[in-house]
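**Student:** Predicted structure and sequence below. I'll ask about it afterward.
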Amino acid sequence: AQSVTQLGSHVSVSEGALVLLRCNYSSSVPPYLFWYVQYPNQGLQLLLKYTSAATLVKGINGFEAEFKKSETSFHLTKPSAHMSDAAEYFCAVSDARQLTFGSGTQLTVLP
Amino acid sequence: GAVVSQHPSWVICKSGTSVKIECRSLDFQATTMFWYRQFPKQSLMLMATSNEGSKATYEQGVEKDKFLINHASLTLSTLTVTSAHPEDSSFYICSAKKSTDTQYFGPGTRLTVL
């Protein structure tokens, strides 16, 4: 069984500030981990993925995430938020058969 | 690239009618496609896994006779909502698997049943 917990359903940051979106996972097998972004009324866009290579994963739009096995975490960060980063972010874990999503975090960027 | 399209992007239908939604992988072949449902302000819930040339595998609680899935080719899967009712109104998203680990998502279809 696998599960994902995203702490904080809503996160607000000022433009230019650090973005930190938290994700903890549970998996009975070595996990594949993903972050997706969803803009209103659109599908999901892959930001980055971890597949057992480097623990620090760099993605698109300046985002990165670090896989910490000891903490079972895969938090998403971006050094400087931009207004265009405002969206819903989903963390997901895969056992190679299916994806299990977290409940999502709505990111608001304040001017 | 890994582009997945869905058609239509939105549809309004009357209660009791059927609606077909198409999902296509445009630049890669996908042996496996997935159908998700998303309610407002909620996460995605997997409805079914569709493998080319075989019957779809439905998640617990999803009515296979109501949500018909056909995966006729390596680039096309369809979801048909039969005898739609207002409670079927939702955002339906498909995805296609390009490799063993990554799913690429379509833009979604907004279904409204009157």
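**Tutor:** Perfect, I can see it now.

**Student:** Let me see the confidence value for residue A:15.
**Tutor:** On pLDDT, residue A:15 comes in at 97.

**Student:** how much space between the closest residue to residue B:3 other than its chain neighbours and chain A?
**Tutor:** Excluding the flanking residues, the one nearest residue B:3 by C-beta to C-beta, 6 or more residues apart in numbering or on different chains is residue B:26, at 4.3 Å. C-beta here means a position set from N, CA and C on the backbone, and glycine is covered the same way. The spacing between residue B:26 and chain A, counted by C-beta to the nearest C-beta, to the nearest Å, is 13 Å.

**Student:** For the most centrally placed residue in chain A, list the residues it contacts.
**Tutor:** Centroid check for chain A by C-alpha atoms, centre = their mean gives residue A:35 as the closest residue, at 3.7 Å. The neighbours of residue A:35, taking C-beta atoms under 8 Å, 6 or more residues apart in numbering or on different chains as the test, are A:21, A:23, A:46-49, A:59, A:63, A:65, A:74, A:76, A:89-92.

**Student:** Enumerate the residues of chain B near chain A.
**Tutor:** B:4, B:6, B:34, B:42-44, B:46, B:49, B:91, B:93, B:95, B:100-108, B:110 (C-beta under 8 Å from any C-beta of the partner chain).

**Student:** which of those residues count as buried?
**Tutor:** B:4, B:6, B:34, B:43-44, B:46, B:49, B:91, B:93, B:95, B:101-108 (16 or more other C-beta atoms under 10 Å in any protein chain shown).

**Student:** which residues are there in chain A that come within reach of chain B?
**Tutor:** A:32, A:34, A:36, A:41-46, A:49, A:51, A:90, A:94, A:96-99, A:101-104.

**Student:** which of those count as buried?
**Tutor:** Among the residues of chain A next to chain B, those buried by neighbour count (16+ other C-beta under 10 Å) are A:32, A:34, A:36, A:42-46, A:49, A:51, A:90, A:94, A:98-99, A:101-102, A:104.

**Student:** can you tell me which of the residues you listed are in strands?
**Tutor:** Cross-referencing those against strands under DSSP state E gives A:32, A:34, A:36, A:44, A:45, A:46, A:49, A:90, A:94, A:99, A:101.
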